[in-house]
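Trainee: Need a 3D model of the following:
(one chain, ligands or ions: 12)
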Amino acid sequence: MYFHSTVALAIQAILFNVVIAKRQQSSCSIKSGGSNATDDAPAILEAFKQCGRNGRVIFEPTTYYVNSVMNISWLENVDIEIHGKLLVRTLNECTDIPYWLNNSLDVGYQNQSTALILGGNNVRVNGYGKGNFDGNGDYWYQWIRKQPNTSNYPGRPHAVTFDKLTNSAIKGLTFFRSQMWTMSIINSHHVLLDSILVNNTGNWAQSSNTDGADTIRSSHITFNNWTVYNGDDSISLKANSTDIAITNSKFYNGLGIAMGSIGQYKDEFETIERVVAENIQYNNTLHAFYVKTWTDDQNGYPPNGGGGGLGFASDMKLKNLTANGLRGAAFAISQCTRFSGAPGQGNCTNSEFQVKNVVIEGLSGTSKSTRVASLQCSAIAPCTNITILDTTLHLENGTLADGYLCGNVENSAGFECNGVPCVGGSATGEC
Ligand SMILES: *[C@@H]1O[C@H](CO)[C@@H](O)[C@H](O)[C@H]1NC(C)=O
Ligand SMILES: *[C@@H]1O[C@H](CO)[C@@H](O)[C@H](O)[C@H]1NC(C)=O
Ligand SMILES: *[C@@H]1O[C@H](CO)[C@@H](O)[C@H](O)[C@H]1NC(C)=O
Ligand SMILES: *[C@@H]1O[C@H](CO)[C@@H](O)[C@H](O)[C@H]1NC(C)=O
Ligand SMILES: *[C@@H]1O[C@H](CO)[C@@H](O)[C@H](O)[C@H]1NC(C)=O
Ligand SMILES: *[C@@H]1O[C@H](CO)[C@@H](O)[C@H](O)[C@H]1NC(C)=O
Ligand SMILES: *[C@@H]1O[C@H](CO)[C@@H](O)[C@H](O)[C@H]1NC(C)=O
Ligand SMILES: *[C@@H]1O[C@H](CO)[C@@H](O)[C@H](O)[C@H]1NC(C)=O
Ligand SMILES: *[C@@H]1O[C@H](CO)[C@@H](O)[C@H](O)[C@H]1NC(C)=O
Ligand SMILES: *[C@@H]1O[C@H](CO)[C@@H](O)[C@H](O)[C@H]1NC(C)=O
Ligand SMILES: *[C@@H]1O[C@H](CO)[C@@H](O)[C@H](O)[C@H]1NC(C)=O
Ligand SMILES: *[C@@H]1O[C@H](CO)[C@@H](O)[C@H](O)[C@H]1NC(C)=O
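Mentor: Ligands and ions are numbered 1, 2, ... in the order given. Next comes the predicted model:
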C-alpha cells in the first residue's frame, strides 16, 4: 500500500514537473518591433508556432504593427492574452491598399477575403477590455467612396476571420475602424464571443460595409454583451447559421440584426435556424431586425451579384427589444435583393427561399417610422407564422407607430395587416 502510493506520488510529481516545465516553455510573450518600419507579423506567427498548442501567447501592452496577412489555423488548447493594440498597416493608399487587395486570404464564401485567419480548438482569447484590433479603416472608407461600388470590392479584407474555430471563447476585445466587415465566423461551432466593442465610425468618411460580425456555416455561436457602432449590419447571420444567440447587446447607427442576405447561390439550399435575440438596445439603427433574400433570378455572381437560391429562415425569436430613434420599420423583410445592374426591375416576389416561424415579443421605445413591420414576401414561398406581440413604439409627437405592411404573409398573429409594403429592389430591408 505504502509502496504503491509512494510510487504514485513520485509519478505524479514527475508528471507535475513536466506539466510545469511545459507550461513555462510554452508561454510566448511577443516583442513588438516598436515602429511602423518593422512588420510584427513574422514575430506574431513565430509565437503562435511555438506556443499555439497547449500554451499561452501574450501580446504586451504596446502597439504591434501588422503589415502582412496571417493564417493561424493550428491552435489547440491555448490562452491568448491581448493587452495591446494590433494596428494594421493601411497608411498609404498607393502602396498599402494594393498590398491587401493582392494578398488578403480567401474566406471561403461569397468571394470574401480577410487579413487574418484564426482557427483551432479550445482557444481562449482575452483582451481584458483593452486588447484592440485597429484596422486603420479611415483609409479604406475614403478609398471605397471612389470606387463604382462602395460595398464589396474583391480583396477588401475583413479584420479577422474565425475559420474552423471550435469550443472557444473570445472576450473583452475592442475593434476600431475595421477595413470591411469586422469579423467573419465560418465553419465554426460552439464559440462564445463576449464583451466585444466594435467602433467602425469613420473619422474622415462614412464607413460602408463594416458589419459587426457575420456567421456562415456555423452553429452554437453566442454573442453576449456586444456594443457595435457602424453603418451596416450590426450582426448578420448568413448561409447555414444555426443555434445562434445574441444577448444583452447595444447597437448604434447601423442596420440592426440581419438575417442574410441569403439565397444568393443559384439552386443552393441554405438555412438560418434557431436564432434567439434577447435584451437588445438600439440607438438610431435602421431596423431592430430584418431579413433579406435574393430573388429567384440569377444575375452575376457573388459578392455583388447572384440570386436563385433555395432554403428557409426559420425559428427566430426576439424578446425585450428597446429602441431609441429607429429610422425605418422595426421589423422588415425584403425578398428583393438583387444585383444593381440586373435587367429591368427584376421580380421581387419569385424567391423560392422561405421566411417562417418568427416571434417578436416586447419591443418598446421610439421610432421615426410609422411602420412597426414591413413584410415584403415571396408569392412562391409566402412568409408564414409571424407573430408580433407587445410593441409600443412611439413617434416623436407621442403617437403610437401602428403600420403593419404585408405582402404575401400567411398565418400571422398579434397584429392586423393594414397596408402593403414597397415592392422593389433592396439590400436593406425596405425600398
Ligand atoms: C511611421 O511613423 C513615423 C513616426 O510616427 C511617421 O512620421 C511616418 O509617417 C510613419 N510612416 C508611414 C509610412 O506612415
Ligand atoms: C499587386 O498586383 C499587381 C498585379 O499583379 C502588381 O502590379 C502590383 O505591383 C501588386 N502590388 C502590390 C503592392 O503588391
Ligand atoms: C490557411 O492555412 C490552412 C492550414 O495550413 C490551410 O488549409 C488553408 O487553406 C489556409 N487558408 C488560406 C486562405 O490560405
Ligand atoms: C466569385 O467566385 C466565382 C466562383 O465561385 C467566380 O465565378 C466569380 O467570377 C467570382 N466573382 C468575383 C467578382 O470575383
Ligand atoms: C460589457 O462589455 C463592456 C465593453 O463593451 C465592458 O466594459 C463591460 O464590463 C461588460 N459587461 C459585463 C457585465 O461584462
Ligand atoms: C467611436 O469612434 C468615433 C470616431 O473616432 C468617436 O468619435 C467616438 O467617440 C467613438 N465611440 C466610442 C464609444 O468609442
Ligand atoms: C448548407 O447546408 C446544406 C444542407 O443542409 C448543404 O446542402 C449546403 O451545401 C450548405 N451550404 C453552404 C453554403 O454551406
Ligand atoms: C430587458 O432588457 C434590458 C436591457 O436592454 C434590461 O435592463 C432588462 O432587465 C431586460 N428585462 C428583462 C425582463 O429581462
Ligand atoms: C442615442 O444616441 C444619441 C446620439 O448619439 C444620444 O444623444 C443618446 O443619449 C443615445 N441614447 C441612448 C439611450 O444611449
Ligand atoms: C413574378 O414572379 C411571380 C412568381 O413566379 C409571378 O406570379 C409574377 O407574375 C411575376 N411578376 C412579374 C412582374 O413578372
Ligand atoms: C411558429 O413559430 C414559433 C417560433 O419559431 C414556433 O415556436 C411555433 O412552433 C411555430 N408554430 C407552428 C405552427 O409552426
Ligand atoms: C404624429 O406624426 C405622424 C407622422 O409624422 C403623423 O402621421 C401624425 O398625424 C402625428 N400625430 C399628431 C397627433 O400630430
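
Trainee: Tell me if the helix or strand where N224 lies is near ligand 6.
Mentor: Using DSSP states H and E, N224 falls within strand 218-229. Yes. With C-beta under 6 Å from any ligand atom as the criterion, ligand 6 is reached by strand 218-229 at Y229. All C-beta atoms are positioned from the backbone trio N, CA, C, and that covers glycine.

Trainee: which neighbours does the very next helix or strand once past that strand have in its sheet, and in what orientation?
Mentor: Once the chain leaves strand 218-229, the next helix or strand it forms, by DSSP H and E, is strand 235-237. For strand 235-237, the paired strands and their directions (DSSP bridges) read strand 214-216 (parallel), strand 257-262 (parallel).

Trainee: which of these sits most buried?
Mentor: Highest mean neighbour count of the strands paired with strand 235-237: strand 257-262, a mean of 27 (counted as mean count of other C-beta atoms under 10 Å).

Trainee: Model confidence score at M1, please.
Mentor: Predicted confidence (pLDDT) at M1: the value is 35.

Trainee: Please renumber the chain so that the first residue is 16 from this point on.
Mentor: Okay, residue one is now 16; in that scheme the one you just asked about reads as M16.

Trainee: so what's C437 closest to, chain neighbours aside?
Mentor: Leaving out its chain neighbours, the residue that sits closest to C437 by C-beta to C-beta, 6 or more residues apart in numbering is C446, at 4.5 Å.

Trainee: Would you agree the one you found is in contact with V438?
Mentor: Yes. Using C-beta atoms under 8 Å, C446 is in contact with V438, at 7.4 Å.

Trainee: anything in contact with each of these two?
Mentor: Residues touching both C446 and V438 (C-beta atoms under 8 Å, 6 or more residues apart in numbering) are C351.

Trainee: Against C421, how distant is L408?
Mentor: The gap separating L408 from C421 is 17 Å, by C-beta to C-beta, to the nearest Å.

Trainee: which ones are touching T242?
Mentor: Counting by C-beta under 8 Å, 6+ apart, T242 touches I211, L212, V213, S264, K265, F266, Y267.

Trainee: Excluding chain neighbours, what is closest to the fourth one?
Mentor: Using C-beta to C-beta, 6+ apart and skipping the chain neighbours, the partner closest in space to S264 is W241 (4.1 Å).

Trainee: Please settle this for me: is A58 part of a strand?
Mentor: No. If the criterion is DSSP: H, G, I helix; E, B strand; the rest coil, then A58 is helix and not within a strand.

Trainee: Tell me how many other residues crowd it.
Mentor: Residues lying near A58 (other C-beta atoms under 10 Å) number 16.

Trainee: what do you get for G322?
Mentor: By the measure other C-beta under 10 Å, the count of residues near G322 is 29.

Trainee: what about it, distance to ligand 12?
Mentor: Between G322 and ligand 12 the computed distance is 35 Å (C-beta to the nearest ligand atom, to the nearest Å).

Trainee: go on, H205?
Mentor: As defined by C-beta to the nearest ligand atom, H205 lies at a distance of 46 Å from ligand 12.

Trainee: check contacts around that residue.
Mentor: T181, N182, S183, S234, H235, I236.

Trainee: And stretch 184-191, how far out from the chain middle?
Mentor: On the basis of C-alpha atoms, centre = their mean, to the nearest Å, stretch 184-191 sits 13 Å off its chain's mean C-alpha point.

Trainee: Same question for stretch 172-192.
Mentor: Stretch 172-192 sits 10 Å away from the centroid of its parent chain (C-alpha atoms, centre = their mean).

Trainee: now stretch 229-242
Mentor: How far stretch 229-242 lies from its chain's middle: 7 Å, per C-alpha atoms, centre = their mean.

Trainee: Wait, Q162 touches Y168, no?
Mentor: Yes. Contact criterion C-beta under 8 Å: Q162 and Y168 qualify, at 5.7 Å.

Trainee: of those two, who's got more company?
Mentor: Using other C-beta under 10 Å, the more surrounded residue of Q162 and Y168 is Y168, with 19 against 11.

Trainee: So what are the sheet partners of the helix or strand hosting T381 and their directions?
Mentor: Using DSSP H and E, T381 sits within strand 367-382. Strand 367-382 pairs in its sheet with strand 325-341 (parallel), strand 398-409 (parallel), by DSSP bridges.

Trainee: So A130 sits against V84, correct?
Mentor: Yes. Here A130 reaches V84: they are 5.7 Å apart, a contact under C-beta under 8 Å.

Trainee: Contact partners for R171?
Mentor: Residues near R171 by C-beta under 8 Å, 6+ apart: W115, L116, S119, S128, W155, I159, Q194, M195, N224.

Trainee: still on that earlier bit, check the gap between the residue nearest to C437 and Q391 for me.
Mentor: 8 Å.

Trainee: And F327, by the same measure?
Mentor: Applying C-beta to C-beta to F327 and Q391 gives a distance of 17 Å.

Trainee: same thing with V103?
Mentor: 39 Å.

Trainee: could you list every residue that touches whichever residue of the stretch 216-365 of the chain sits closest to ligand 3?
Mentor: Per C-beta to the nearest ligand atom, I231 is where the stretch 216-365 of the chain lies closest to ligand 3, at 14.3 Å. Neighbouring residues of I231 by C-beta under 8 Å, 6+ apart: V122, Y124, Q125, S199, I200, I201, N202, K253, A254, N255, S256.

Trainee: most neighbours, which of these?
Mentor: Among the contacts of I231, S199 has the most neighbours (other C-beta under 10 Å), with 29 neighbours.

Trainee: and the strand or helix carrying it, which strands flank it?
Mentor: With secondary structure defined by DSSP H and E, S199 is part of strand 198-201. Sheet pairing for strand 198-201, assigned by DSSP bridges, gives strand 175-191 (parallel), strand 229-231 (parallel).

Trainee: ok, the longest one near ligand 7 or not?
Mentor: No. Under the criterion of C-beta under 6 Å from any ligand atom, ligand 7 is not reached by strand 175-191; the shortest gap measures 13.1 Å.

Trainee: Taking strand 233-244 as reference, get the angle to that strand.
Mentor: 20 degrees (axes from the mean of the first three to the mean of the last three C-alpha atoms, to 10 degrees).

Trainee: Strand 175-191: which residues count as buried?
Mentor: Of all the residues in strand 175-191, those buried under the rule 16 or more other C-beta atoms under 10 Å are 175-183, 185-191.

Trainee: Who are the contact partners of S193?
Mentor: Residues counted as contacts of S193 (C-beta under 8 Å, 6+ apart) are F148, G150, G152, H173, A174, V213, N215, T225.
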